[in-house]
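K.L.:
generate a structure from the sequence data that follows.
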Amino acid sequence: MEGALSLIALVAVVVSAGAITVAAHFRKERVTELQGWARGHGWHYTEHHPRPLEEAILPAALHGRDPRVRHVLTGRRGTHLVTMFELTHAESNARRGAGSPRHTHRVVAVHTPGPGADLEIRRRDLARTVSLDASGGPEEVRAAFAEAFSTVGSDDRFREAVLDHDTVSWLLSDCRSRSFPVRFTGGHALTWATLRLDPDRALAAADYLIDLVSRVPARAWARDTAGS
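P.N.:
As a prediction, the model looks like this:
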């Protein structure tokens, strides 16, 4: 009996060691892959970074216990500085331990022309299509936007400046708004999704953010408009 227990313990150690070795191999392989992508696109890669977006406040969906940021890619898309990375965290109420499940998110951010203020824009019901061709009058467009989108912001003047008639019409008519929630914060416009970082797919999210930022009126970035 004692010999059998020793054998079981030995097998457990060997299996654990093997699992650790395999995991380390895949981590190294992924780092090599992302480094190659960065070199090929003229971007910069960092495996670990505690605060890649500096003072930006991430959306509540990305909050959790023991957050870790990995695989940070930074570069230019046209004239716009873009940062993309992978963030993982455990559930806030999860029990501590190596076996605690972790959630993985891809974050893509574009630098904005000015600091602005915190503002989050999300579709209310992704399953529903709002019928509007963006050619309606101001009241019709505003009503459709309020029905389709939820906005939460720290400064009403910044929100009104960002969400003018043209920007609101574009958000309603562009189907990508169904896939990309947006948060303005700390001099960035960012979007997030529950998946691992794939740089080529992340560029599609960056393009959406660039299109949005390019449509925001210049007055939105003025300090007096943001109330600072």
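K.L.:
list the strands paired with the lengthiest strand in the chain, with their directions.
P.N.:
Longest strand of the chain, by residue count under DSSP state E: strand 65-77. Strand 65-77 sits in its sheet next to strand 44-48 (antiparallel), strand 80-90 (antiparallel), going by DSSP bridges.
K.L.:
tabulate these (JSON lines), appending mean neighbour count and mean pLDDT.
P.N.:
Yep, even glycine has a C-beta here, placed from its N, CA and C like the rest. Shown next, in JSON lines, are the strands paired with strand 65-77 (neighbours: other C-beta atoms under 10 Å; pLDDT from 0 to 100):
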{"stretch": "strand 44-48", "mean neighbour count": "14", "mean pLDDT": "96"}
{"stretch": "strand 80-90", "mean neighbour count": "20", "mean pLDDT": "95"}
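K.L.:
export these to JSON lines and tack on distance to residue 122?
P.N.:
Listed next are the strands paired with strand 65-77 as JSON lines, based on distance: least, C-beta to C-beta, whole Å:
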{"stretch": "strand 44-48", "distance to residue 122": "29"}
{"stretch": "strand 80-90", "distance to residue 122": "18"}
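K.L.:
of all those, which one is nearest residue 180?
P.N.:
Among these, the nearest to residue 180 by C-beta to C-beta is strand 80-90 (13.0 Å).
K.L.:
just checking, next helix/strand downstream of the strand or helix carrying residue 103?
P.N.:
Assigned by DSSP states H and E, residue 103 belongs to strand 102-111. The helix or strand immediately downstream of strand 102-111 is strand 119-123, counting by DSSP H and E.
K.L.:
quick one: strands adjacent to that next one?
P.N.:
Strand 119-123 has these partner strands in its sheet, going by DSSP bridges: strand 149-153 (antiparallel), strand 182-185 (antiparallel).
K.L.:
list the contacts of residue 206.
P.N.:
Neighbouring residues of residue 206 by C-beta atoms under 8 Å, 6 or more residues apart in numbering: 77, 80, 82, 84, 108, 110.
K.L.:
out of those residues, which comes closest to residue 138?
P.N.:
Closest to residue 138, out of all of these and judged by C-beta to C-beta, is residue 110, at 27.8 Å.
K.L.:
now the closest one: closest residue in space, sequence neighbours ignored.
P.N.:
residue 209 (4.2 Å; C-beta to C-beta, 6 or more residues apart in numbering).
K.L.:
list the residues that contact the one you found.
P.N.:
108, 109, 110, 180, 182, 189, 190, 191.
K.L.:
ok, so of those residues, who is nearest residue 217?
P.N.:
residue 189 (14.2 Å).
K.L.:
which strand or helix spans residue 142?
P.N.:
Secondary structure assignment for residue 142, by DSSP H and E: helix 138-148.
K.L.:
list the buried residues in that helix.
P.N.:
Neighbour-count burial for helix 138-148 flags 141, 144, 145, 148 (criterion: 16 or more other C-beta atoms under 10 Å).
K.L.:
elements contacting it?
P.N.:
The helices and strands touching helix 138-148, judged by 3 or more C-beta pairs under 8 Å, 6 or more residues apart in numbering; DSSP states H and E, are helix 165-173.
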